[in-house]
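**Student:** What shape does this take:
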Amino acid sequence: MASRVEDDESTENKGSMWVLDQKLDQPMDEEAGRLRNMYREKKFSAVLLLRLAFQSLGVVFGDLGTSPLYVFYNTFPGEIKDPEDVIGALSLIIYSLTLIPLLKYVLVVCKANDNGQGGTFALYSLLCRHAKVKIIPNQHRTDEELTTYSRSTFREQSYAAKTKRWLEETASRKTALLILVLVGTCMVIGDGILTPAISVLSAVGGIKVKGPNMNPDIVIVVAAVILVGLFSMQHYGTDKVGWLFAPIVLLWFLFIGGIGLFNIWKYDSSVLKAFNPVYIYRYFKRNGKDGWTSLGGIMLSITGTEALFADLAHFPLLAVQIAFIVVVFPCLLLAYSGQAAYLMQNHEHVVDAFYRSIPASIYWPVFLVATAAAIVASQATITATFSIIKQALSHGCFPRVKVVHTSKKFLGQIYVSDINWILMILCIAVTAGFKNQIQIGNAYGTAVVVVMLVTTLLMTLIMILVWRCHWILVVLFTGLSLLVECTYFSAVLFKIDQGGWVPLVIAAAFLLIMYVWHYGTVKRYEFEMHSKVSMAWILGLGPSLGLVRVPGIGLVYTELPSGVPHIFSHFITNLPAIHSVVVFVCVKYLPVYTVPEEERFLVKRIGPKNFHMFRCVARYGYRDLHKKDDDFEKKLFDSLFLFVRLESMMEGCSDSDEYSIYNQQTEQSRDGLLNNDNTISSDVDLTFSSVDSIVPVKSPVMNVNNTIGSSGQVSCQTEIDEQEFLNNCRDAGVVHILGNTVIRARRESPFYKKIAVDYIYAFLRKICRENSVIFNVPHESLLNVGQIFFV
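**Tutor:** Just a heads-up that it's a prediction; the model follows:
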């Protein structure tokens, strides 16, 4: 059953048919207008906050904390020519740590989180709520009524309003913004591959310090075995892994801080003059181009900072700030200063500076903790990758993969099986392919600096549109960030041919996948929009729709939040029967981190009552997940039955009755709505619209007879009849009708478009999860309707 539809239908000449459609199938303004709840972010007690701060060490800061293993080696890959170069490098490290992780990320960027969600897509979601920059136009003003849909309004002549209009003017600017976000996302995925490789390889390399004649391949094999074990543990979840890793990382920070303090006292306390930034100037003046290119090694001291922001979904912001300021930052400063003090007297040991600076009596304990900490370091970017993939998935920018929530307490903690194994394979390939910290470090630095540049550009828009900062503050933040990051970026460009090409290739591959998938998603939505069925045509068929209405309920899934989809006309044109009750189900994701359960569903009747046609819009945020059970279908029907009862109740009320119900919200309306012949337990908020009022109801329990009074006896009987009819139809069976829309490139399309649509997108659709699996539709209740259209 397939139809071929060209994607060039005219949307003009709407005329009276369009007016009729608007009257019979209006958007759900009233249904969503009053749908509010008292949802608030969970407040954390001081004890729980400290516990989460401790746990965040094992998930968020492992990558940043293990940088001392390889920074000086990558900064001075040859030899140290002048002892003062060590002080200059240390000064660069100190001010890099202060400017980027501390000032930029922990104190500024992390505050731009979307109700606790971090990463480039969280910033993009904030921008989508404050400007119409989302390319898929499935948003409606009713979505702005959600309690989690926070946004600001602008004065017409304000700088923010002008920036908003400039972004919204052309589709090319919206596309450029999306590509910028996708580039940052792809580089974070690259981090998830390179971080485990360099961290584990650097830690295991400590074996060679005590066994210099050891075959280097043994180190590679040991690193690969550790990496396989690390990725195999991911399915246990961040919560369990965090408690396992947090003590290790805390011990690691105490070790490196203590050893650094000891080395400063033992070797050369004069390194503390590196806090004077004048030594940075002297370093560049003395070394010229070599000093400039060495910034690629200095850059590694702040790697892991981008994962810090992306991992915010796993822990509260305050917990992350406490952990960084109290533990991470001071211990890192002591560690780098201690290594610098050791190198002042041992220039030749720069290759293994960290391990050689460890006192002999505690070498092996520190080696074991370092290896364990390197494993933890990988955890930070792996979890960041999972978080950002989930966000991209919800924005229609990544193929459908299985996402599992691993914690009942914290919904941001997730596991993505397919991505986990892809990361593992690529990570082992990079480790075995390079066998060298220097080249992996060059690749790593390239990925990190690109993510930081993307974050800076997005933060500029956030400061203007969301925070509405004074332009001086915007220029100060953007200018200082770009000055530092562009300096680092210019340095890593010199090392593209020395390993820096790896993240570019990885990012290019993922960018191609994500952009092609998003392009296909947009085209499918545009097709549904342009081929909507006229309500006048539906009405012309009569209550039976010109067909045999068989007992049962048909759930027709569509991406349209309004209008009758083309799939329905295609279905009834080819089959001589349709179910007694038809419900058009639209599941859509909004640019918010979550939609509270009480506000998830909106229900509306389509056409006259005797048509028995309804619409249900289920709204999700990018953190929400479809549970693989019967909850979705159960809540959908609970919402439908509640809507019918409320509709009948309001029809039986006079204007004064409606006013009193709306304003008084009596205890009867709270406690007994569905305590009639059929009791429906649901925690779904729903709204009903009559001519003059909107009635929000939570926890549907109200006795209709007690509320309506004598004026509503007829409508009450009607309501009971319709509800009984719906129950009988539900008992007769529920069929899920899903559209299987296939897109093809037109014959005259350019060859690159044919490759993207006919091969890449088609392949991705073939290997990704089906909608029937996502909605947990039983195969015996599934009906696929095929369609083909050309773009």
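**Student:** could you measure P608 against W537, distance?
**Tutor:** 15 Å (Cβ to Cβ, to the nearest Å). Placement of C-beta: from N, CA and C, glycine included.
**Student:** nope, C186 is what I was after
**Tutor:** Using Cβ to Cβ, which is the criterion applied here, C186 is 45 Å from W537.
**Student:** the more surrounded of the two?
**Tutor:** C186 (29 against 12; other Cβ atoms under 10 Å).
**Student:** So that one lies in a helix, does it not?
**Tutor:** Yes. Residue state for C186 (DSSP: H, G, I helix; E, B strand; the rest coil) corresponds to a helix.
**Student:** Stretch 291-302: end-to-end distance?
**Tutor:** Stretch 291-302 has its terminal residues 18 Å apart, counting by Cα to Cα, to the nearest Å.
**Student:** Can you show me the strands along the stretch 551-700 of the chain?
**Tutor:** Along the stretch 551-700 of the chain, the segments classed as strands by DSSP state E, counting those that start in this stretch run 577-589, 601-606, 613-620, 686-689, 694-697.
**Student:** Output the below-cut-off pLDDT ranges for the stretch 1-150 of the chain.
**Tutor:** For the stretch 1-150 of the chain, residues meeting the criterion pLDDT under 70 lie at 1-43, 137-141.
**Student:** hey, where'd the strands end up in it?
**Tutor:** In the stretch 1-150 of the chain, the strands defined using DSSP E, counting those that start in this stretch lie at 4-6.
**Student:** before we move on, back to that, let me have the strands of the stretch 551-700 of the chain in a markdown table, extended by distance to G500 and mean neighbour count.
**Tutor:** Formatted as a markdown table, those follow (distance: least, Cβ to Cβ, whole Å; neighbours: other Cβ atoms under 10 Å):
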| stretch | distance to G500 | mean neighbour count |
| --- | --- | --- |
| strand 577-589 | 35 | 21 |
| strand 601-606 | 50 | 23 |
| strand 613-620 | 39 | 22 |
| strand 686-689 | 55 | 24 |
| strand 694-697 | 56 | 21 |
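**Student:** Columns distance to T175 and mean pLDDT on top of those, output as TSV?
**Tutor:** TSV is the format used below for the strands of the stretch 551-700 of the chain (distance: least, Cβ to Cβ, whole Å; pLDDT from 0 to 100):
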stretch	distance to T175	mean pLDDT
strand 577-589	19	86
strand 601-606	30	86
strand 613-620	24	88
strand 686-689	36	36
strand 694-697	38	30
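**Student:** Pipe those strands into JSON lines and attach distance to L555 per row.
**Tutor:** Formatted as JSON lines, the strands of the stretch 551-700 of the chain follow (distance: least, Cβ to Cβ, whole Å):
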{"stretch": "strand 577-589", "distance to L555": "5"}
{"stretch": "strand 601-606", "distance to L555": "13"}
{"stretch": "strand 613-620", "distance to L555": "8"}
{"stretch": "strand 686-689", "distance to L555": "18"}
{"stretch": "strand 694-697", "distance to L555": "23"}
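**Student:** of all those, which lies closest to G88?
**Tutor:** With Cβ to Cβ as the criterion, G88 lies closest to strand 577-589 of the strands of the stretch 551-700 of the chain, at 49.5 Å.
**Student:** Does anything pack onto that closest one? Which helices or strands?
**Tutor:** Judged by 3 or more Cβ pairs under 8 Å, 6 or more residues apart in numbering; DSSP states H and E, strand 577-589 is in contact with strand 548-558, helix 566-574, strand 613-620, helix 631-651, helix 713-732.
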